[in-house]
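Asks: Could you look at this predicted model? Sequence included:
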Amino acid sequence: MSSRTTNLRKCCKPVAFSDSCSTIPTSLSATFDIYGLEITDHNDKYIRIAEKAADVYIKISVPGRYLVETFPILRHLPAWFPGASFKRDAAKWEPDVLALRNAAFDNVKREMAQGTALPSIAASLLENALQEKSSAGTISQEDMFRNITGIAYLTGADTTFSSVQAFFLAMTMHPDKQRLAQAELDAVVGPNRLPAFSDRAALPYVNALIKECFRWHNVVPLGIPHETTADEEINGWLIPKGTVLIPNQWAMARDETAYPNPERFLPERFLKDGLLNPSVRDPQKYAFGFGRRICPGRHFADASMFIIVSSVLHAFDIAPSIDARGQPVKLEAKVTADLLLSYPEPFECEITPRSSNAEALVRNAGLDGSVDA
Ligand code: HEM
């Protein structure tokens with residue numbers, strides 16, 4: 001939900017739709033939204049709050065920024081002491097982080113009291129707690145819900161959005177792959193409804209396309225550094241306890257022995273005889289990190305990608321925009337050089353409903369708040 005989200009929003013030019021293209025992924029994913037926020041404007045107060053908190057996150061995620069990471073004893077220094085800038089920075093940034101944790105959550109509580117809350121994870125957590133009547137509504141439980149939803153919002157929105165951007169870029173560049181996925185969706189889902197999670201097992205090509213999106217565009221190319229807690233020996237090399245390891249996830253995704261022609265977008269590499277081939281290295285094994293700090297939102301991210309990718313392809317055609325000479329604009333797969341998260345560079349595409357029936361399906365989607373399990 002940072003400024004990155006505006007790239008696609010500004011650049012897409014939906015032809016038959018009068019709405020901004022940003023409403024497409026948002027409305028389709030509304031049922032599993034964290035706060036049930038309907039964001040229509042980049043100046044939205046919740047976007048600004050998320051951007052400020054994301055800036056803090058990016059600043060503190062640079063390994064070695066503070067000496068206290070190497071010498072934890074320094075945490076006992078008073079804030080005014082030289083070398084204790086981590087304490088001064090923490091105090092300076094605390095309001096931004098607390099705003100992220102509290103503002104949207106307070107809004108959910110307010111809307112629940114008024115009976116106007118949209119379906120969301122925050123609302124479900126609160127509702128379930130109230131129904132269970134266990135320790136429902138206690139301060140500590142509510143604190144936990146605020147922490148869960150706040151961290152999910154901070155870590156899950158930009159990462160998932162980067163993958164969704166990569167999907168739109170891949171579809172703009174590879175109409176043939178798009179058509180194959182649409183043919184599969186037409187056969188399995190049919191014209192009278194949008195795809196549901198229960199369709200997933202019957203959609204091998206769509207699943208392969210999602211895996212290829214995760215591989216082709218690495219959201220966290222150098223992963224998150226980890227420190228070994230014991231001596232390790234790998235292929236005859238000793239990795240002593242306390243070594244900081246930087247997992248080169250980008251290289252894992254570009255490994256020619258696992259993925260011939262790694263620069264090409266080829267969902268077929270994950271298929272054999274029309275089914276997913278389990279012997280091909282699954283990008284989900286590295287795209288979400290490693291060990292006990294592996295991304296806890298990976299199943300959520302994968303499910304989000306499935307429902308967004310399948311719904312968008314079922315209802316829309318994605319095509320290059322047309323230049324002044326009436327020719328389709330040629331795109332290149334370029335990504336930003338950010339240290340932590342990588343995004344496709346801004347690009348233009350045109351998104352049009354595949355039919356008036358498809359448009360009606362989207363316009364009516366989820367109006368009753370229904371979710372397919
Ligand atoms: C395409 C989407 C996503 C990608 C590529 C991604 C990737 C990652 C990676 C590489 C890590 C670092 C793991 C490590 O330390 O080795 C991570 C951590 C994390 N992710 Fe995700 N993530 C995504 C979506 C999400 C979502 C949707 C959520 C929450 C709903 C989430 C929550 C988290 C949290 C809380 C951490 C920190 C875990 C810890 O430090 O213990 N992520 N993610």
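Replies: Received, thanks.
Asks: anything in the longest helix anywhere in the chain near the ligand?
Replies: Longest helix of the chain, by residue count under DSSP state H: helix 139-173. Yes. Helix 139-173 lies within reach of the ligand by Cβ under 6 Å from any ligand atom, at 151-152, 155-156, 159-160, 163. C-beta coordinates here come from the backbone N, C-alpha and C atoms, glycine included.
Asks: can I get those residues in TSV with neighbour count and pLDDT?
Replies: Below are the residues of helix 139-173 next to the ligand laid out as TSV (neighbours: other Cβ atoms under 10 Å; pLDDT from 0 to 100):
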residue	neighbour count	pLDDT
151	15	89
152	17	89
155	16	86
156	20	87
159	20	92
160	21	93
163	25	96
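Asks: Pick out the most distant pair among those residues.
Replies: Spatially, the most separated pair among the residues of helix 139-173 next to the ligand is 151 and 163, at 18.6 Å (Cβ to Cβ).
Asks: Run through the residues of the stretch 151-300 of the chain sitting next to the ligand.
Replies: Close to the ligand, as judged by Cβ under 6 Å from any ligand atom, the stretch 151-300 of the chain has residues 151-152, 155-156, 159-160, 163, 219-220, 223-224, 287-290, 293-297, 300.
Asks: Distance check, residue 60 against residue 340.
Replies: 10 Å (Cβ to Cβ, to the nearest Å).
Asks: I meant to write residue 45 there.
Replies: Taken as Cβ to Cβ, the span from residue 45 to residue 340 is 25 Å.
Asks: Those two: who's more crowded?
Replies: residue 340 (17 against 13; other Cβ atoms under 10 Å).
Asks: so after the longest helix of the chain, what's the next helix or strand?
Replies: Next helix or strand after helix 139-173 toward the C-terminus (DSSP states H and E): helix 175-188.
Asks: how deep is the nearest residue to residue 274 once chain neighbours are set aside tucked in, by neighbour count?
Replies: Spatial nearest neighbour of residue 274, chain neighbours left out: residue 204 (6.3 Å); criterion: Cβ to Cβ, 6 or more residues apart in numbering. Using other Cβ under 10 Å, residue 204 has 20 other residues around it.
Asks: and stretch 104-116, which residues are buried?
Replies: By 16 or more other Cβ atoms under 10 Å, the buried positions in stretch 104-116 come out as 104-105, 107-108, 111-112.
Asks: So what touches it?
Replies: Contacts with stretch 104-116, where a contact means Cβ atoms under 8 Å, 6 or more residues apart in numbering, come from 34-37, 46, 49, 117-118, 120, 122-123, 126-127, 145-146, 149-150, 153.
Asks: wait, isn't residue 45 in contact with residue 52?
Replies: No. Using Cβ atoms under 8 Å, residue 45 is not in contact with residue 52; the gap is 10.9 Å.
Asks: Just the strands from the protein, written as ranges.
Replies: 226-227, 232-234, 237-239, 244-245, 271-272, 275-276, 316-320, 349-353 (DSSP state E).
Asks: Quick check: the residue lying closest to residue 87 once chain neighbours are set aside vs residue 68, distance?
Replies: Spatial nearest neighbour of residue 87, excluding adjacent residues (Cβ to Cβ, 6+ apart): residue 79 at 4.0 Å. Counting by Cβ to Cβ, the gap from residue 79 to residue 68 is 12 Å.
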